[in-house]
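> Kindly return the folded structure for what I paste below:
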Amino acid sequence: KGPEQVMRRYVIPYKGLVYAFNGDGNYFVTPTHPFMTTGGWKSLDPEGTRRESPGIQVSKLSVGDILVTTNGSKKILTHLDSMQMTT
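Here you go, the predicted model:
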């Protein structure tokens, strides 16, 4: 199964690490957020992703993985930055 259109946005209080990709400063990724890659679905915390989304086959997201965007373009994950959320 590939990318799908976002139907609803939820705002959930979160305390923990969030991540930004490739130095863009946009800290939006929680460890359980799955991403489509050329190697299938991946997240920083595959076990947590499987608990939140039973049935999804997900493996560990790592630097060097190639992300597939909703329009089909590809982007190499060159590095991750993290930031602690307190609320």
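> what's around the residue nearest to residue 25 when sequence neighbours are not counted, how many residues?
Excluding the flanking residues, the one nearest residue 25 by C-beta to C-beta, 6 or more residues apart in numbering is residue 81, at 7.8 Å. Where C-beta positions appear, they are placed from N, C-alpha and C, glycine not excepted. By other C-beta atoms under 10 Å, 14 other residues sit near residue 81.
> isn't residue 29 right next to residue 21, touching?
Yes - using C-beta atoms under 8 Å, residue 29 is in contact with residue 21, at 7.1 Å.
> what about these two, which has more around it?
Between residue 29 and residue 21, counted using other C-beta under 10 Å, the more crowded position is residue 21 (21 against 18).
> Hmm, residue 85 is touching residue 17, no?
Yes - Residue 85 is within contact range of residue 17, at 7.3 Å (criterion: C-beta under 8 Å).
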